[in-house]
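Peer 1: after the sequence you'll find the predicted model.
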Amino acid sequence: MACVVTWVAWYDEYFEITEEEYNLFGTESLDELANKLCNQGSGSPRFLFSDKSEENTKEQQKLRDKVISES
């Protein structure tokens, strides 16, 4: 799941969700989860990586680079 963060420039933060949660697409339950994860930001245990490099650990930055290169 990606959350758009409004800042000087907008960027995305990415979070891990389960297949069951993914299947809730279009429901209020998924919206609530998205709001919860966005509010937790990089402090969430489900945080994968951010487009803003300063928020990433070295491992998270490697994952981000891999995902970007495969897109």
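Peer 2: Now that the structure is in, tell me what you want to look at.

Peer 1: first-to-last residue distance for stretch 35-55?
Peer 2: End-to-end distance for stretch 35-55: 19 Å, by Cα to Cα, to the nearest Å.

Peer 1: averaged over its residues, what pLDDT does that stretch have?
Peer 2: In this model, stretch 35-55 has a mean pLDDT of 96.

Peer 1: buried ones in that stretch, by neighbour count?
Peer 2: For stretch 35-55, burial by neighbour count (16 or more other Cβ atoms under 10 Å) applies to 37, 38, 42, 44, 47, 48, 49, 50, 51, 52, 55. For the C-beta atoms, the positions are set from N, CA and C on the backbone; glycine is no exception.

Peer 1: contacts for the helix or strand that contains residue 21?
Peer 2: Using DSSP states H and E, residue 21 falls within helix 19-22. For helix 19-22, contacts defined as Cβ atoms under 8 Å, 6 or more residues apart in numbering pick out 1, 30, 33.

Peer 1: for those residues, which one is nearest residue 71?
Peer 2: residue 1 (16.3 Å; Cβ to Cβ).

Peer 1: look up how far residue 53 lies from that closest one.
Peer 2: 20 Å (Cβ to Cβ, to the nearest Å).

Peer 1: using the three-state scheme, assign the closest residue to residue 44 other than its chain neighbours.
Peer 2: Beyond its immediate neighbours in the sequence, the residue positioned closest to residue 44 (Cβ to Cβ, 6 or more residues apart in numbering) is residue 37, lying 5.6 Å away. Counting by DSSP: H, G, I helix; E, B strand; the rest coil, the backbone at residue 37 sits in helix.

Peer 1: give me the neighbour count for residue 25.
Peer 2: 7 (other Cβ atoms under 10 Å).

Peer 1: thinking again about what came up before, which ones among the contacts of helix 19-22 are found in helices?
Peer 2: 30, 33 (DSSP state H).

Peer 1: and which of the contacts of helix 19-22 is nearest residue 12?
Peer 2: Distances from residue 12 to those, taken by Cβ to Cβ, are shortest for residue 1, at 9.8 Å.

Peer 1: I'd guessed that closest one sits against residue 17; true?
Peer 2: Yes. At 4.9 Å, residue 1 counts as touching residue 17 under the criterion of Cβ atoms under 8 Å.
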